[in-house]
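*Asks:* Using only what follows, build the 3D model:
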Amino acid sequence: MRSRETRSDIEPPKTIDEYISRFSGDVQAILQKIRGIVKDAAPDAGETINYGIPTFVLNGNLVHFAAFDKHIGFYPTPSGIEQFKDELSAYKTAKGSVQFPLSSPIPYGLIRKIVKFRVKEDREKMPTRAKSK
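*Replies:* Numbering: from 1, shown residues only. Modelled structure (predicted):
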(Lines give C-alpha, C1' and ligand atoms only; values in the text may rest on other atoms or scores of the structure.)
Protein backbone atom coordinates (compact mmCIF):
# COMPACT_ATOMS: atom_id res chain seq x y z
CA MET A 1 0.00 0.00 0.00
CA ARG A 2 1.34 3.41 -0.90
CA SER A 3 1.06 6.32 1.48
CA ARG A 4 -1.39 9.02 0.53
CA GLU A 5 1.37 11.58 0.04
CA THR A 6 3.18 9.56 -2.62
CA ARG A 7 0.29 9.32 -5.07
CA SER A 8 1.41 10.38 -8.52
CA ASP A 9 -1.17 13.21 -8.66
CA ILE A 10 0.35 15.00 -5.65
CA GLU A 11 3.68 16.80 -5.75
CA PRO A 12 6.11 15.31 -3.21
CA PRO A 13 6.57 17.36 -0.04
CA LYS A 14 9.71 19.46 0.29
CA THR A 15 9.81 19.54 4.10
CA ILE A 16 8.67 17.40 7.00
CA ASP A 17 6.26 20.16 8.04
CA GLU A 18 4.69 20.07 4.58
CA TYR A 19 4.49 16.27 4.70
CA ILE A 20 2.76 16.26 8.11
CA SER A 21 0.31 19.01 7.10
CA ARG A 22 -1.23 16.69 4.49
CA PHE A 23 -2.85 14.46 7.10
CA SER A 24 -5.79 14.72 9.49
CA GLY A 25 -5.25 16.26 12.91
CA ASP A 26 -5.02 12.97 14.78
CA VAL A 27 -2.42 11.57 12.37
CA GLN A 28 -0.54 14.89 12.41
CA ALA A 29 -0.28 14.60 16.20
CA ILE A 30 1.19 11.09 15.92
CA LEU A 31 3.68 12.17 13.25
CA GLN A 32 4.73 15.23 15.28
CA LYS A 33 5.20 13.08 18.37
CA ILE A 34 7.38 10.62 16.43
CA ARG A 35 9.34 13.54 14.98
CA GLY A 36 9.88 14.94 18.48
CA ILE A 37 11.03 11.58 19.80
CA VAL A 38 13.54 11.22 16.98
CA LYS A 39 14.81 14.79 17.47
CA ASP A 40 15.20 14.18 21.20
CA ALA A 41 16.90 10.79 20.81
CA ALA A 42 19.09 11.98 17.92
CA PRO A 43 19.68 15.71 18.49
CA ASP A 44 22.53 15.85 15.96
CA ALA A 45 20.46 14.29 13.18
CA GLY A 46 19.32 16.39 10.27
CA GLU A 47 15.81 16.39 8.85
CA THR A 48 15.05 15.85 5.21
CA ILE A 49 12.62 14.20 2.84
CA ASN A 50 13.95 11.02 1.19
CA TYR A 51 11.79 8.68 -0.85
CA GLY A 52 8.98 11.21 -0.36
CA ILE A 53 8.83 10.62 3.42
CA PRO A 54 10.31 12.21 6.57
CA THR A 55 13.89 11.10 7.10
CA PHE A 56 16.48 11.75 9.77
CA VAL A 57 20.14 11.52 8.77
CA LEU A 58 23.43 11.37 10.66
CA ASN A 59 26.16 9.46 8.86
CA GLY A 60 23.59 8.47 6.25
CA ASN A 61 19.92 7.59 6.72
CA LEU A 62 19.06 7.02 10.38
CA VAL A 63 15.28 6.41 10.32
CA HIS A 64 12.29 7.24 8.14
CA PHE A 65 8.60 7.32 9.01
CA ALA A 66 5.39 7.68 7.03
CA ALA A 67 1.62 7.74 7.45
CA PHE A 68 -0.71 5.42 5.59
CA ASP A 69 -4.47 4.93 5.70
CA LYS A 70 -4.35 2.32 8.47
CA HIS A 71 -0.84 2.45 9.92
CA ILE A 72 2.33 4.39 10.58
CA GLY A 73 5.34 2.98 8.78
CA PHE A 74 8.62 3.20 10.65
CA TYR A 75 11.86 2.38 8.84
CA PRO A 76 14.89 1.93 11.13
CA THR A 77 16.92 -0.16 8.63
CA PRO A 78 17.20 -3.95 8.83
CA SER A 79 19.51 -3.76 11.87
CA GLY A 80 16.93 -1.79 13.85
CA ILE A 81 14.26 -4.37 13.09
CA GLU A 82 16.56 -7.28 13.92
CA GLN A 83 17.77 -5.77 17.20
CA PHE A 84 14.19 -5.33 18.47
CA LYS A 85 12.54 -8.30 16.76
CA ASP A 86 11.09 -9.66 20.02
CA GLU A 87 9.53 -6.32 20.99
CA LEU A 88 8.28 -5.85 17.41
CA SER A 89 6.78 -9.34 17.17
CA ALA A 90 3.23 -8.00 17.70
CA TYR A 91 3.54 -5.86 14.55
CA LYS A 92 3.84 -6.52 10.85
CA THR A 93 7.50 -6.23 9.94
CA ALA A 94 9.67 -6.61 6.87
CA LYS A 95 13.42 -6.49 6.40
CA GLY A 96 13.78 -2.81 7.35
CA SER A 97 10.30 -1.69 8.30
CA VAL A 98 7.49 -2.06 10.81
CA GLN A 99 3.83 -1.09 10.64
CA PHE A 100 2.17 0.39 13.72
CA PRO A 101 -1.64 0.18 13.24
CA LEU A 102 -3.51 3.43 13.78
CA SER A 103 -6.18 1.39 15.56
CA SER A 104 -3.76 0.63 18.43
CA PRO A 105 -1.60 2.81 20.67
CA ILE A 106 1.66 3.79 18.98
CA PRO A 107 4.64 2.34 20.96
CA TYR A 108 6.48 5.63 21.41
CA GLY A 109 8.86 4.21 24.03
CA LEU A 110 9.91 1.46 21.64
CA ILE A 111 10.42 4.00 18.86
CA ARG A 112 12.71 5.97 21.19
CA LYS A 113 14.73 2.83 22.02
CA ILE A 114 15.10 1.96 18.35
CA VAL A 115 16.25 5.47 17.44
CA LYS A 116 18.82 5.47 20.27
CA PHE A 117 20.09 2.11 19.02
CA ARG A 118 20.38 3.47 15.49
CA VAL A 119 22.29 6.55 16.72
CA LYS A 120 24.74 4.34 18.62
CA GLU A 121 25.10 2.04 15.62
CA ASP A 122 25.60 4.99 13.28
CA ARG A 123 28.28 6.54 15.49
CA GLU A 124 30.13 3.22 15.79
CA LYS A 125 30.29 3.00 12.00
CA MET A 126 31.75 6.50 11.64
CA PRO A 127 35.45 6.69 10.78
CA THR A 128 37.61 7.29 13.86
CA ARG A 129 38.67 10.74 12.65
CA ALA A 130 35.08 11.89 12.24
CA LYS A 131 34.17 10.68 15.76
CA SER A 132 36.79 12.92 17.35
CA LYS A 133 35.37 16.14 15.87
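*Asks:* Show me the beta-bridge partners of residue 58.
*Replies:* Taking DSSP bridges as the rule, residue 58 bridges to residue 60.
*Asks:* how many other residues sit next to residue 100?
*Replies:* 23 (other Cβ atoms under 10 Å). In this view, the C-beta of every residue, glycine as well, is placed from N, C-alpha and C.
*Asks:* what's the answer for residue 74, then?
*Replies:* Quick note: residue 74 (other Cβ under 10 Å) scores 27 neighbours.
*Asks:* What of the one 10 residues further on?
*Replies:* Other residues lying near residue 84 total 18 when counted by other Cβ under 10 Å.
*Asks:* do the same with residue 117
*Replies:* Per other Cβ under 10 Å, the neighbour tally for residue 117 reads 16.
*Asks:* what do you get for residue 37?
*Replies:* 21.
*Asks:* and the gap between it and residue 13?
*Replies:* Residue 37 sits at a distance of 20 Å from residue 13 (criterion: Cβ to Cβ, to the nearest Å).
*Asks:* what's the answer for residue 84, then?
*Replies:* Residue 84 sits 28 Å away from residue 13, going by Cβ to Cβ.
*Asks:* can you check residue 108 too?
*Replies:* Distance from residue 108 to residue 13, by Cβ to Cβ: 23 Å.
*Asks:* if you count what's nearby, which of these two comes out ahead?
*Replies:* More crowded of residue 108 and residue 13, by other Cβ under 10 Å: residue 13, with 18 against 14.
*Asks:* my guess is that one contacts residue 51, does it?
*Replies:* No. Using Cβ atoms under 8 Å, residue 13 is not in contact with residue 51; the gap is 11.3 Å.
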